[in-house]
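Asker: build me a model from this:
(one chain, ligands or ions: 1)
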Amino acid sequence: MGKLKQRRQVKGVIALAVTIVVLFTAVLVTNYFKANAAEETTNHKNNENIKKAVAANYLNEKPEKELHRKHQEKAMASSRESTDTTSSDIAATPPASNATASQTTPTEPNANQTQPDGAQSAINNKTVFLTFDDGPASFSGEIVTLLEQYNAKATFFMIDGNIRRYPEAVKLMVDSGHAVGLHSVSHNKNAFYASANSVLGELNQNRNTLLEISGIDSHLMRTPYGSAPYMTDEYKAAVAANGYLMWDWNIDSKDWYYKDERYVNSVIEQMNAKANHSGPFVILLHERKETLAHLPKLLDYLKQQGFELKAIDSSMVPVQF
Ligand SMILES: [Zn+2]
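Answerer: You can find the predicted model right below:
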């Protein structure tokens with residue numbers, strides 16, 4: 001009987017021990033999974049936080065145009081520092097004698113920075129900037145009269161000697177609300193693009209002449225034949241540092257080549273090919289008699305298509321190649 005009791009006791013102890021071991025293991029396993037689950041939650045939360053941070057950063061990023069503008073401003077600021085000493089010897093001060101006080105004050109070089117965005121934001125793919133190069137000419141008044149009939153504004157990039165030759169034409173442009181800008185003295189590729197100093201020298205002289213004749217101190221400019229390929233990065237930095245706003249074009253009428261109404265068809269074809277582009281159309285024209293002769297056809301088309309024909313101003317971001 002005693003042996004039997006002993007066996008039962010041993011069995012009981014073993015059963016108890018097994019139960020304890022099983023329970024202990026169960027607790028360990030449960031804790032392990034709990035800990036894992038907690039870690040996963042933390043990881044998940046961390047991932048969420050990273051995602052949120054990335055999204056926030058993305059939202060904080062400026063639109064590309066804004067970035068581009070900031071970049072330009074930086075470039076202007078740094079190039080101003082680096083070229084000030086070299087350009088000061090040829091950067092002529094505009095003459096003050098013939099104009100009134102308000103007209104002689106040179107505009108701030110970085111007009112883009114200070115102007116409100118209103119003018120820029122009103123510009124879209126229904127905006128056309130007609131630009132006439134190489135004038136003024138004996139028939140500039142006829143161009144101005146025609147533009148007026150269509151309630152159109154335009155921009156004239158003019159050569160120094162022609163401004164002196166036809167001062168009344170320049171005054172008429174200004175009085176009629178058109179923009180006036182610079183287009184060199186020599187209009188000679190080798191002379192104009194010889195160095196940063198030759199580029200600046202011609203622009204400064206051109207600007208002083210325009211100011212003297214019209215009272216407008218314009219920093220709008222177009223280099224002869226456009227900025228590509230002759231305007232090097234150095235030249236571009238130099239003109240930017242002096243506050244010039246360099247405008248190229250995105251529609252080349254080739255009016256000087258066609259010399260007839262084919263230039264109008266060429267413009268229309270190019271505009272149709274760019275139907276989806278977002279910015280303004282900048283159309284290159286010249287003050288030529290043949291251009292004037294077929295200008296009504298172009299103006300008719302642009303008006304029918306609902307384009308707004310505006311003058312360029314210094315608050316606008318220049319269109320460049
Ligand atoms: Zn030209």
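Asker: quick one, helices of the chain?
Answerer: Counting by DSSP state H, the chain has these helices, from start to end: 2-60, 64-87, 101-104, 111-114, 118-121, 140-149, 160-165, 167-175, 189-192, 196-214, 233-241, 255-258, 262-273, 289-304.
Asker: for the first one, give the mean pLDDT please.
Answerer: What it means is helix 2-60. For helix 2-60, mean pLDDT is 51.
Asker: also the last one?
Answerer: Averaging the model's pLDDT scores along helix 289-304 yields 98.
Asker: point out where this structure drops to low pLDDT.
Answerer: The chain contains residues with pLDDT under 70 at 1-7, 10, 12-121.
Asker: kindly report the residues of it close to the ion.
Answerer: 133, 134 (C-beta under 5 Å from the ion). Placement of C-beta: from N, CA and C, glycine included.
Asker: would you mind measuring from the residue of the stretch 201-321 of the chain found nearest the ion to residue 255?
Answerer: Here the residue of the stretch 201-321 of the chain nearest the ion is residue 224; by C-beta to the ion that distance is 5.1 Å. For residue 224, the distance to residue 255 equals 16 Å [C-beta to C-beta, to the nearest Å].
Asker: okay, the two: which has more neighbours?
Answerer: Legend: neighbour count by other C-beta atoms under 10 Å for residue 224 and residue 255, higher for residue 255 (28 against 21).
Asker: setting aside sequence neighbours, what's the nearest residue to that one?
Answerer: residue 263 (4.0 Å; C-beta to C-beta, 6 or more residues apart in numbering).
Asker: tally of neighbours for the one you found?
Answerer: Residue 263 has 25 nearby residues by other C-beta under 10 Å.
Asker: residue contacts, it?
Answerer: 253, 254, 255, 257, 285, 290, 291, 294 (C-beta atoms under 8 Å, 6 or more residues apart in numbering).
Asker: before we move on, what about residue 132?
Answerer: Residue 132 neighbours (C-beta under 8 Å, 6+ apart): 143, 154, 155, 156, 157, 285, 286, 287, 291.
Asker: from these, which land in strands?
Answerer: 154, 155, 156, 157, 285, 286 (DSSP state E).
Asker: roughly how far apart are the second one and the ion?
Answerer: Counting by C-beta to the ion, to the nearest Å, the gap from residue 155 to the ion is 13 Å.
Asker: surely that residue touches residue 128?
Answerer: No. Counting by C-beta atoms under 8 Å, residue 155 stays clear of residue 128, with 10.8 Å between them.
Asker: where does the residue lying closest to residue 318 once chain neighbours are set aside fall, phi/psi-wise?
Answerer: Counting by C-beta to C-beta, 6+ apart, the nearest residue to residue 318 once its immediate chain neighbours are dropped is residue 247, at 4.7 Å. The phi and psi values for residue 247, taken as degrees, to the nearest 10, are phi -110, psi 130.
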